[in-house]
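J.: quick one, structure for this:
(one chain, ligands or ions: 2)
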Amino acid sequence: MASRPKLRLLCLHGRCQTSATFQGKIERLIAKSASCADFVFVDGPVELPLQHEERVNTKGWWEEGEARSLHAPRIREVLSQAWSELGPFEGVLGFSEGGLVAQLACHWASEGESPFASLRFGIFAASPELTESCATEGMKSLHMASSKDTVVPLEESKRLAARFSNAEWLEHEAGHVFSQRSEDLRRLGEFLELRREQLLPEELASVEEVEADDRLSQEQKDEVEALASIFMEELTIFKPTCPVRLAVKVLHERASLRFFFPPLYPQVPCVCDLDSEDLGVQLRRRELLEAVEAAREPEGFPSVMAMVQEAQRWIEEHGVTIDQGLPSDGTAEEDEPAEAWWLCEDAQVDQELLTQAEKKAAELLPDGSSGSRSWARQCGAGAYGKPWRFTVGLVGKPSAGKSTLFNAATRCEKEAAMAPHPFTTIDPNVEPGWFAVPCPSVTLQCQDECEPEHGRADRGQRRFPLLVKDVAGLVPGAYLGYGRGNAFLNDLLDADSLVHVVDASGRSDAEGVDHGKAGKGHDPLKDVEWVRQEIHMWIFCNVRAKWHSVRKRAKFAPLQPLAAERLFGLFTGYHCSQQLVAQVYESTGHRIATLPQDVLNWSEFDLHLLVACFLRVRFPIVIALNKADTAEAQEHIVRAQAALGNAVAVSARSELWLLQQQRKGHLTYLEGGGPQSIAITEHAPEDVRDQVSQLRQKVLEVYGSTGVMEVLSRAVLQRSPVFCCPVSEFTTLQSLSSGGYSTKSKLVTMMMLRPLSTVEEVHAALKNEKLVRGDLVRAEMLHISTGQVSVLRREEVLKPEGAQAATFVLRILTNKKAK
Ligand SMILES: Nc1nc2c(ncn2[C@@H]2O[C@H](COP(=O)(O)OP(=O)(O)OP(=O)(O)O)[C@@H](O)[C@H]2O)c(=O)[nH]1
Ligand SMILES: [Mg+2]
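T.: Ligands and ions are numbered 1, 2, ... in the order given. Here you go, the predicted model:
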């Protein structure tokens, strides 16, 4: 494991940005150089007025019209605070106005002013020059500039570079931006690596050297000493000793937690990071770090010990996915029968048992039923009190049309690659797309005055955003690592539900190779079964490989209380809580109280059933019978829809074509609509007219629409979300919008929340989005069908009536008025 510490780099945003937006702009650089440097962001001290369509105020470093000189006390204060709470920093990186601030920092460091003396280099992107000449002695620099920059001319950036001796120069064509071109990122990465080698030697320090360093506080020295006596050779202390940088091994040689003490630690928090080259650990990195962060002691107290212990506990608890792919831990029971079902090789899955388990699971948990159960809340960890940003994952075999559906669903200008050969897509594409929700304006008879935030109310529905994720094609045996195998399956983990894209034309075989019209005719119904089973086997094999660890706990009396936690913990890697797994466990007819005795007698079927039920709840799947426009598809679609509840005929290519023609001005098209939704413009070419008439005949008249919007909507509604329209008055139906203002138009704002959200959580979500201020005083609901108003209790759960999507018109009163 690397023994060299990382650089700390202070990043300064440009005018009209914030630390968060700037971080987003350079995220590729951060990702590429994460192993070499920590990127730390701070906000400028001047809050700029809200601009059109902005939801938060952006920041700047100087007031409007103020001279940008070396005399800048407000900026010095911000930087000094950053240095003592988040620093010290070896480097500074500034974009545009932030580049001026970076010059100030270099100047103060060159002059030896406290606390900036640690600073050794600067990266200046699209940076103007300070009016007064600043000191640059001892500073290395890299300058990024563009001849296409119309804000800061190239010449000015060149003059700035000339002020530094040995300046490195990097020119690009992208204009007034921080270039994210791979070539430029590589150069920047090399520059950072070199600084790291020069400034941070690969040398370790002893506890005595830490003790002897006068620059460190006694509290910091005491903590290092205590850690050394507890962790001994598991602890590494890096040189130089000030600031303190440590690493503690938490998983033998495979992972360490790194700690960095800012000068004011423990009064300000230490920085903690996970260092691991192990894939299993990296996959869980964010979760592990969240758990570790939550274990911090209050400020003023040493935290490293508690954080390391939490990491060790978490790793033990989640062992299943952490050491995925690692050699066995050797804990398999010696006395287990050699032919036991849980000791099988991966490839040995009893297909018959799996099919039976799926059937039983479908009876126990019919499609779309889980959202209305009392435990639907447990599905998807902890995002209550916030709007639900829903992600639909598109899965299916290669060339089924996933990327075409993705491009159609997201109206993506920069289209995901589509081609008639397998594995066109390797890395997942993620973009915002749209689905349709019932709009309450229809029943409330105000459709004409209703202007939804997105699009408009039409045919009783309105558009609502979601994220669509297009992943690589799945091939048989993916769970064993074929195709892109497990990496692909991992890409799906953040999806809230799945759309399985099936090539309903039957022209392509199981591997996705298109045999055209001459193809023998593959039965698309076979594909439908197979994808669910592939995901099932992936989870099943992962759990089965650790089954011995559940048995171990169930067998020995002192460990029995841990058996349930262990079993449920084996599922939490699929982004869900232990409580959810516990509820799914009970839905299979078992009782948690007798779990240790029961699981010892479990057959392979029992585990299949648990996995099948879990899958139905965690990853509900809707089928898109794609390529509905082809002649061969019709027969298959009729058969498939008769056999399956949740299958929609789709022609992704037609939807995409319509959107492209609309963009070219050849027609107008109401997305998701039927034969009447297309109006050809006067000057449309003849071939476009022909195509439209074919498309109407083959798709819209047969299936009602292209099916794209429909299939996404079904995928979302499977998870039973709650939709809320907050209004200021029921009489006017005027919406609440940003800042708590009410708008002139009716029912503008709609928010999607997780199933069974309470009134209190709706309030929290509205507050989170800055639609209301203050504490909840009273909540009222307008019954859309009767026009009656009722008062809601704060703990009241918002439940749909019947199978309809749950849409609520609410009036939330708080103790603070809108600003
Ligand atoms: N006729 C017809 N062809 C379609 C439709 N959707 C996609 N195709 C074609 O099917 C081929 C494969 O489409 P892609 O969208 O690249 O398929 P994919 O599932 O993303 O494939 P991989 O990325 O390789 O997994 C392309 O030639 C598409 O034009 C459709 O609705 N109708
Ligand atoms: Mg693709």
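J.: residue boundaries of the helices in the stretch 701-819 of the chain?
T.: For the stretch 701-819 of the chain, the helices identified by DSSP state H, counting those that start in this stretch occupy 701-703, 708-717, 759-768, in order along the chain.
J.: which of the ones you listed sits closest to residue 630?
T.: With respect to residue 630, and counting by CB to CB, the nearest of these is helix 701-703 at 11.9 Å. C-beta: built from backbone N, CA, C; applies to glycine.
J.: which bits of the stretch 551-700 of the chain sit near ligand 1?
T.: 626-627, 629-630, 651-653 (CB under 6 Å from any ligand atom).
J.: got a markdown table for these, with neighbour count and secondary structure too?
T.: Compiled in a markdown table, those are given as follows (neighbours: other CB atoms under 10 Å; DSSP: H, G, I helix; E, B strand; the rest coil):
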| residue | neighbour count | secondary structure |
| --- | --- | --- |
| 626 | 32 | strand |
| 627 | 28 | coil |
| 629 | 24 | coil |
| 630 | 18 | coil |
| 651 | 32 | coil |
| 652 | 29 | helix |
| 653 | 22 | helix |
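J.: out of those, what pair is the most spread apart?
T.: Every pair in those was compared (CB to CB); the two farthest apart turn out to be 630 and 652, at 11.9 Å.
J.: what sits against the nearest residue to residue 763 once chain neighbours are set aside?
T.: By the measure of CB to CB, 6 or more residues apart in numbering, the closest residue to residue 763 outside its immediate chain neighbours is residue 776, 4.3 Å from it. Residue 776 makes contact with 759-760, 763, 794, 812-814 under the criterion CB atoms under 8 Å, 6 or more residues apart in numbering.
J.: okay, stretch 808-819 in CSV with CA atoms only?
T.: Written as CSV, here are the backbone C-alpha positions of stretch 808-819 (Å, rounded to 0.1, in the frame of the first residue of the first chain):
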residue,chain,number,x,y,z
PHE,A,808,-52.1,15.0,-3.0
VAL,A,809,-52.9,18.7,-3.0
LEU,A,810,-51.7,20.0,0.3
ARG,A,811,-51.6,23.3,2.1
ILE,A,812,-48.7,23.4,4.6
LEU,A,813,-48.7,26.2,7.2
THR,A,814,-45.6,27.1,9.1
ASN,A,815,-44.6,29.6,11.8
LYS,A,816,-42.5,31.7,9.3
LYS,A,817,-43.8,33.7,6.4
ALA,A,818,-42.1,33.6,3.0
LYS,A,819,-39.2,36.0,2.8
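J.: give me the contacts around it.
T.: Counting by CB under 8 Å, 6+ apart, residues outside stretch 808-819 touching it are 440, 444, 722-730, 733, 736, 739-742, 747, 759, 762-763, 766, 772-782, 784, 792, 798.
J.: ok, back up a step: and which of the contacts of residue 776 is nearest residue 174?
T.: Nearest to residue 174 out of these is residue 763 (CB to CB; 43.6 Å).
J.: residues in contact with that closest one?
T.: Listed by CB under 8 Å, 6+ apart, the contact set of residue 763 reads 772, 776, 779, 794, 812, 814.
J.: quick check: the farthest pair among those?
T.: Spanning the widest gap among those are 772 and 794, at 13.8 Å by CB to CB.
J.: and residue 546, its phi and psi?
T.: When quoted as degrees, to the nearest 10, the phi and psi of residue 546 stand at phi -110, psi 10.
J.: ok, residue 63 next?
T.: phi -70, psi 160.
J.: same question for residue 718.
T.: Backbone phi and psi, for residue 718 under degrees, to the nearest 10, turn out to be phi -50, psi -30.
J.: what about the residue nearest to it when sequence neighbours are not counted, how many residues nearby?
T.: The shortest distance from residue 718 to any residue that is not its chain neighbour, by CB to CB, 6+ apart, is 4.1 Å, and that residue is residue 620. In terms of burial, residue 620 registers 25 neighbours under the definition other CB atoms under 10 Å.
J.: now do residue 133
T.: Under the neighbour criterion other CB under 10 Å, residue 133 is assigned a count of 11.
J.: can you tell me how far it is from residue 140?
T.: Per CB to CB, to the nearest Å, residue 133 is found 18 Å from residue 140.
J.: same deal with residue 764?
T.: The gap separating residue 764 from residue 140 is 48 Å, by CB to CB.
J.: the residue nearest to residue 763 pairs with what?
T.: Per DSSP bridges, the residues bridged to residue 776 are residue 814.
J.: strands of the stretch 351-500 of the chain, start to end?
T.: Using DSSP state E, counting those that start in this stretch, the strands assigned to the stretch 351-500 of the chain run over residues 391-395, 429-438, 461-470, 497-503.
J.: indicate which one of those strands is closest to ligand 2.
T.: Among these, the nearest to ligand 2 by CB to the ion is strand 461-470 (5.9 Å).
J.: okay, that closest one in CSV with CA atoms only?
T.: Below are the C-alpha coordinates for strand 461-470, written out as CSV (Å, rounded to 0.1, in the frame of the first residue of the first chain):
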residue,chain,number,x,y,z
GLN,A,461,-51.1,13.8,-17.2
ARG,A,462,-48.0,15.9,-16.7
ARG,A,463,-44.3,15.2,-17.2
PHE,A,464,-42.1,14.5,-14.3
PRO,A,465,-38.3,14.1,-14.3
LEU,A,466,-36.4,10.9,-13.4
LEU,A,467,-32.9,9.6,-14.0
VAL,A,468,-32.4,6.9,-16.7
LYS,A,469,-29.4,4.7,-16.6
ASP,A,470,-28.4,2.7,-19.6
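J.: run the chain-centre distance for that strand.
T.: Relative to its parent chain, strand 461-470 has a centroid offset of 15 Å by CA atoms, centre = their mean, to the nearest Å.
J.: buried ones in it?
T.: Taking 16 or more other CB atoms under 10 Å as the neighbour-count basis, strand 461-470 is seen to contain the buried residues 461-464, 466-470.
J.: before we move on, what about stretch 17-30?
T.: Neighbour count says stretch 17-30 has 17-19, 22-23, 26, 29-30 buried, by 16+ other CB under 10 Å.
J.: which residues touch stretch 215-227?
T.: When contacts are defined by CB under 8 Å, 6+ apart, stretch 215-227 is touched by residues 207, 210-211, 213, 235, 237, 241-242, 244, 246, 248, 261, 265-266, 302, 304-305.
J.: so which helix or strand takes in residue 636?
T.: The secondary structure element spanning residue 636 is helix 633-643 (assigned by DSSP states H and E).
J.: count the residues that sit near the closest residue in space to residue 384 that isn't next to it in sequence.
T.: Spatial nearest neighbour of residue 384, chain neighbours left out: residue 761 (5.0 Å); criterion: CB to CB, 6+ apart. As a burial measure, residue 761 scores 22 neighbours (other CB under 10 Å).
J.: what sits against residue 761?
T.: With contacts defined as CB under 8 Å, 6+ apart, residue 761 is in contact with 384-385, 753.
J.: pull the contacting residues for the residue in the stretch 1-150 of the chain positioned nearest to ligand 1.
T.: In the stretch 1-150 of the chain, no residue comes nearer to ligand 1 than residue 28, which is 22.8 Å away by CB to the nearest ligand atom. Shown here is residue 28, whose contacts under the criterion CB under 8 Å, 6+ apart are 180, 185.
J.: please list the residues of the stretch 151-300 of the chain that sit near ligand 2.
T.: For the stretch 151-300 of the chain, no residue is in contact with ligand 2 (CB under 5 Å from the ion).
J.: picking that back up, what helices and strands are in contact with the helix or strand following the helix holding residue 636?
T.: Downstream of helix 633-643, the first helix or strand assigned by DSSP H and E is strand 647-649. Packed against strand 647-649 by the contact rule (3 or more CB pairs under 8 Å, 6 or more residues apart in numbering; DSSP states H and E) you find strand 621-626, helix 633-643, helix 708-717.
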